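In: Requesting a structural model of the entry that follows:
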Amino acid sequence: MLSSIDISSEKTELVPSEFLAVILAGFGQDLLPLTADYLDESCPKCLLPVGNIPMIDYVLSWIELAGINNVLILCPSEHKKAIVHHIDSDLAPPLTSLHIVVEASDQPPELSGGPCTILRQFSARIQGDFVIFPCDFIPSHSFPLTTILNQFRKSGSLFSSLWYTSLPKEKTTPDEWMSSTPASSILWDPQTDTLIHVDSPEDRDDDPEDLVLCMNMLRQHAHARLSINYVDAHVYVCRNAVIDLLLDRTVFDSFKHEFLPWLCQLQYSRRKMAKYSSCRSSYLVMAYHWVVSSTNELDQLTFGHTSLNNPRHESAGFTVGLVLCAPDYTQEYIGRAHTLQSFYDLNRYVLTKNGHDSPVVEKRQVKTLAVAEGRSKPASISTDSIVSVSARIEERASVKRSVIGKHCRIGRGARISGCVLLDHCIIEEGASLEGCLLGKNTKIGARAELVRCVTQAGYEVSEGETLKNEKLDMCDWTNGVAEGSDDSEEAFSLNRDSDLDT
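Out: Modelled structure (predicted):
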């Protein structure tokens with residue numbers, strides 16, 4: 001069962017937009033227990049805050065600044081109400097010029113499909129070229145979306161993707177809840193900005209030590225480069241023909257691990273190109289037009305030559321473009337908040353001075369944020385903390401390098417260091433928190449001590465309780481898990497070292 005809602009009240013545009021922005025807002029299984037339901041209230045992944053701003057707002061701001069007006073958000077039906085409420089209350093015109101439509105499906109988490117499956121399900125909603133975004137992507141303020149859009153326009157590619165260097169290892173905390181997304185082995189041609197090869201799980205399983213490449217591929221790209229330092233941003237610019245390919249290849253579920261490696265191989269197989277040539281009829285003329293009418297400089301950027309007889313030109317309509325981003329992490333940040341560790345790391349990066357240069361922060365700061373200023377003088381709040389204007393911090397409380405959400409209450413003498421507190425958390429007198437992630441409506445009892453813990457929304461920690469390296473959900477609370485339980489500690493360690501596909 002599908003349901004949809006159109007948020008915008010503006011008139012329909014007479015001229016269709018060049019791109020449709022498609023935001024995938026899934027269940028957020030890798031962010032449990034933060035995304036677990038609280039009573040009858042859902043906790044959508046896309047509304048989890050980074051720097052006290054829902055993470056989806058960063059994506060929406062990035063889209064708007066690039067001049068894309070039409071947005072399609074695909075989410076579970078359980079999350080639609082909360083997402084619609086957020087957009088309707090915080091992002092309605094004139095706060096944004098975006099025309100936003102929310103579509104939802106009734107698939108439970110255990111049956112929900114990957115990006116390929118979701119796009120097939122809503123293929124009727126995508127009638128032109130489109131850009132896929134994860135709801136958890138936090139872009140660099142110095143890297144505009146137009147960079148990848150312009151590369152896509154110039155190259156005439158079927159598909160373009162964004163990759164970035166991951167956060168430096170030394171910047172992350174030593175005890176990770178969950179490993180960050182591992183970098184993939186990618187091969188690309190820097191002269192044509194073409195992605196040639198992406199390692200798939202099957203490749204790594206078949207031959208984990210060697211990289212097997214097609215000779216035809218290497219003949220066409222004599223200057224190819226190999227790297228293991230880049231992470232897939234899951235930002236993809238696509239011709240509408242990509243939908244045709246997905247509808248044909250119904251076995252694909254994962255975009256990164258299945259469709260993208262297959263698409264790279266498609267560039268070098270004449271048999272496969274002939275089979276799927278009918279899918280490219282809508283954009284083949286455009287691809288040829290760019291080659292014929294381009295200047296020599298543009299030809300060098302896109303195809304590396306001006307001759308139409310080169311074998312490279314034959315597959316022009318099937319090329320996979322590539323844009324690389326290598327930010328200076330001392331000055332800016334970029335990443336996906338799709339695991340507990342990356343969510344925590346990005347919140348910490350937003351606390352830096354340069355983190356406040358983000359357009360979405362500047363746009364929303366007056367309404368929702370207060371960098372620790374103007375608080376009661378008896379409380380100690382470091383200048384590298386973000387505290388909501390509606391939060392209450394009592395005397396002798398200490399807040400260092402932390403994010404405090406809306407309507408939180410910090411009791412007298414409480415100590416909070418390196419933590420992220422979602423909205424409506426209550427920290428009682430004398431409690432101590434270090435390196436914790438607290439879901440909304442969490443209550444920490446007086447003189448309780450928590451180190452490196454994450455809680456589900458509504459969880460309550462008893463007075464005087466001591467917990468370390470725990471994932472605390474309502475099942476543990478209602479079942480009365482013993483303090484320092486060995487079973488709980490072991491389960492946490494297993495989760496901490498897991499590497500899940502999102």
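In: what stretches of the protein score poorly on pLDDT?
Out: Applying pLDDT under 70 to the chain flags residues 1-16, 92-95, 108-112, 168-183, 201-217, 269-317, 353-377, 476-502.
In: Tell me how it divides into domains.
Out: 20-204+214-293+316-336, 364-472 (the TED database).
In: okay if I get those domains as CSV plus mean neighbour count and distance to Y344?
Out: C-beta coordinates here come from the backbone N, C-alpha and C atoms, glycine included. Shown next, in CSV, are these (neighbours: other CB atoms under 10 Å; distance: least, CB to CB, whole Å):
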stretch, mean neighbour count, distance to Y344
domain 20-204+214-293+316-336, 19, 7
domain 364-472, 20, 6
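In: Make TSV out of these and add distance to L346.
Out: Below are the domains of the chain laid out as TSV (distance: least, CB to CB, whole Å):
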stretch	distance to L346
domain 20-204+214-293+316-336	5
domain 364-472	10
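In: so which of those domains comes closest to N347?
Out: Comparison of the domains of the chain against N347 by CB to CB identifies domain 364-472 as nearest, at 4.7 Å.
In: Surely H86 touches L47?
Out: Yes: between H86 and L47 there is a contact under CB atoms under 8 Å: 5.9 Å.
In: which residues are in contact with both of the two?
Out: 54, 56 (CB atoms under 8 Å, 6 or more residues apart in numbering).
In: Please enumerate the helices of the stretch 301-450 of the chain.
Out: 311-314, 340-350, 359-368 (DSSP state H, counting those that start in this stretch).
In: Repeat that for the stretch 101-250 of the chain.
Out: 115-121, 146-155, 201-206, 215-220, 241-248.
In: Nearest to V420, out of those?
Out: Of all the helices of the stretch 101-250 of the chain, helix 115-121 comes closest under CB to CB, at 27.2 Å.
In: so what does that closest one touch, helix or strand wise?
Out: With contacts taken as 3 or more CB pairs under 8 Å, 6 or more residues apart in numbering; DSSP states H and E, helix 115-121 sits against strand 20-24, helix 241-248.
In: Can I get the ones you listed in a markdown table including distance to I196?
Out: As requested, the helices and strands packed on helix 115-121 are exported to a markdown table (distance: least, CB to CB, whole Å):
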| stretch | distance to I196 |
| --- | --- |
| strand 20-24 | 26 |
| helix 241-248 | 18 |
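In: Compare the ones you listed and report which one is nearest to T455.
Out: Of all the helices and strands packed on helix 115-121, strand 20-24 comes closest under CB to CB, at 26.2 Å.
In: export the closest one as CSV, just CAs?
Out: Provided in CSV are the C-alpha atoms of strand 20-24 (Å, rounded to 0.1, in the frame of the first residue of the first chain):
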residue,chain,number,x,y,z
LEU,A,20,14.2,15.7,-9.6
ALA,A,21,15.9,15.3,-6.2
VAL,A,22,15.1,11.9,-4.7
ILE,A,23,15.9,11.5,-1.0
LEU,A,24,15.9,8.0,0.5
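In: Helix or strand next in line after that strand, which one?
Out: With elements assigned by DSSP states H and E, the helix or strand that comes after strand 20-24 is strand 49-50.
In: In its sheet, which strands sit next to that following strand, and in what direction?
Out: Paired strands of strand 49-50, with direction, are strand 53-54 (antiparallel) (DSSP bridges).
In: Can you tell me which helices and strands the helix or strand that the strand it pairs with is followed by packs against?
Out: The helix or strand immediately downstream of strand 53-54 is helix 55-65, counting by DSSP H and E. Judged by 3+ CB pairs under 8 Å, 6+ apart, the packing partners of helix 55-65 are strand 20-24, strand 70-76, helix 77-90, strand 130-134, strand 137-138, helix 359-368.
In: neighbouring contacts of stretch 222-230?
Out: 163-166, 183-191, 196, 211, 217-218, 324.
In: One more pass at 6 Å, please.
Out: 163, 165, 183, 185-187, 189-191, 196 (CB atoms under 6 Å, 6 or more residues apart in numbering).
In: for stretch 71-89, same thing?
Out: 5, 7, 21-25, 27, 42, 44, 47, 98, 100-104, 106, 118, 122, 125.
In: try stretch 156-172
Out: Contacts for stretch 156-172 (CB under 6 Å, 6+ apart): 148, 151-152, 229-233, 235-239, 287, 290, 316, 318-321, 323-326, 329, 334, 345.
In: Select from those every entry located in strands.
Out: 229-233, 235-238, 320-321, 323-325 (DSSP state E).
In: Which pair in these has the greatest spatial separation?
Out: Going by CB to CB, the pair spanning the ones in strands among the contacts of stretch 156-172 furthest: N229 and C238, at 25.0 Å.
In: wait, what's in contact with D136?
Out: Neighbours of D136 in contact, by CB under 6 Å, 6+ apart: 55, 336-338.
In: and of those, the nearest to D423?
Out: Nearest to D423 among the contacts of D136, with distances taken as CB to CB, is M55, at 14.2 Å.
In: That closest one contacts H338, correct?
Out: No: in this structure M55 lies outside contact range of H338 using CB atoms under 6 Å: 9.5 Å.
In: quick one: the strands in the stretch 401-502 of the chain?
Out: For the stretch 401-502 of the chain, the strands defined by DSSP state E, counting those that start in this stretch cover 403-404, 409-410, 415-417, 420-421, 426-427, 432-434, 437-438, 443-444, 449-451, 454-455, 460-461, 466-468, 471-472.
In: so can I have CSV of these showing distance to G114?
Out: As requested, the strands of the stretch 401-502 of the chain are exported to CSV (distance: least, CB to CB, whole Å):
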stretch, distance to G114
strand 403-404, 31
strand 409-410, 40
strand 415-417, 37
strand 420-421, 28
strand 426-427, 38
strand 432-434, 36
strand 437-438, 26
strand 443-444, 36
strand 449-451, 35
strand 454-455, 25
strand 460-461, 35
strand 466-468, 34
strand 471-472, 24
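In: Which one of those lies nearest to A397?
Out: strand 409-410 (4.7 Å).
In: That closest one - which strands sit beside it in the sheet, and in what orientation?
Out: Using DSSP bridges, the strands paired with strand 409-410 are strand 392-393 (parallel), strand 426-427 (parallel).
In: Now tabulate those strands in CSV and tack on distance to E449.
Out: Output for those, formatted as CSV (distance: least, CB to CB, whole Å):
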stretch, distance to E449
strand 392-393, 19
strand 426-427, 12
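In: what about C475, how many residues close to it?
Out: 11 (other CB atoms under 10 Å).
In: quick one: contacts for C116?
Out: Contacts of C116 (CB under 6 Å, 6+ apart): 246, 252-253, 255, 259.
In: which residue packs closest to it, ignoring adjacent ones?
Out: Of all residues beyond its chain neighbours, the one nearest C116 is F252 (4.4 Å), with distances taken as CB to CB, 6 or more residues apart in numbering.
In: That neighbour: which element?
Out: Using DSSP H and E, no helix or strand contains F252.
In: How about D37: what's its closest non-neighbour residue?
Out: Using CB to CB, 6+ apart, the nearest residue to D37 is C43, at 6.3 Å.
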